[in-house]
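Asks: my questions concern the predicted model and sequence given below.
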Amino acid sequence: MNIEIIDKTGQVTLTQFKQIKNLLNFAAEYLNIQKSSEMSIIFMDNASIKMLNRNYRGKNMPTDVLSFAMEEKGRKELPIFFNEKVENFPRNLGDIIISIEKAKKQANGYGHSYERELGFLAIHGFLHINGYDHQTFEKEKEMFELQKEILDAYGLRREKGEKI
């Protein structure tokens with residue numbers, strides 16, 4: 001899978017980039033996402049993600065992760081149709097945006113590593129851009145179980161004493 005990573009904070013290390021790419025590729029394989037798919041992940045600070053959260057979700061506060069699924073039609077958007085079947089056209093899944101500040105704070109609060117929190121947020125966003133949500137109890141249960149399953153299979157398991 002082609003994953004573009006953009007760090008607008010200058011705080012994400014090359015090792016962390018590689019870890020996130022490996023985790024997302026693992027998740028894509030786990031979910032049988034076609035290998036030619038594309039997506040991006042953007043790391044921001046709280047001020048930047050707060051602005052996006054306000055503009056797109058009407059919530060004037062920073063959040064930990066935002067997801068923008070390309071295949072999900074937004075309000076007042078028209079669907080896109082091709083006249084012919086397009087062969088070998090890569091599937092664009094969308095964008096995941098993570099607040100570095102929130103990730104660090106949450107890692108401390110939950111008692112696990114910053115890297116595990118980045119992985120958790122990346123998988124959470126990845127599931128959203130692939131059609132999963134937590135709008136109802138049933139959908140939340142399905143999404144959170146799958147999220148845990150992927151993280152455990154990859155090796156980012158919760159340790160004893162962690163709060164989440």
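Replies: Right, received. Where do you want to start?

Asks: quick check: mean pLDDT of the helix or strand containing Phe17?
Replies: Taking DSSP states H and E as the criterion, Phe17 maps to helix 14-30. Taken as a whole, helix 14-30 has an average pLDDT of 96.

Asks: from the middle of its chain, how far away would that helix be?
Replies: Here helix 14-30 is found 11 Å from its chain centre; the criterion is Cα atoms, centre = their mean, to the nearest Å.

Asks: need the CA coordinates for that helix. CSV is fine.
Replies: Taking Å, rounded to 0.1, in the frame of the first residue of the first chain, the C-alpha atoms of helix 14-30 are listed here in CSV:
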residue,chain,number,x,y,z
LEU,A,14,12.1,8.2,11.0
THR,A,15,11.7,5.1,13.2
GLN,A,16,8.2,6.1,14.1
PHE,A,17,7.4,6.8,10.4
LYS,A,18,8.5,3.2,9.6
GLN,A,19,6.6,1.7,12.5
ILE,A,20,3.4,3.4,11.4
LYS,A,21,3.8,2.4,7.8
ASN,A,22,4.5,-1.2,8.8
LEU,A,23,1.5,-1.3,11.1
LEU,A,24,-0.8,0.2,8.4
ASN,A,25,0.4,-2.2,5.8
PHE,A,26,-0.1,-5.1,8.2
ALA,A,27,-3.7,-3.8,8.9
ALA,A,28,-4.3,-3.5,5.1
GLU,A,29,-3.2,-7.1,4.6
TYR,A,30,-5.3,-8.2,7.6
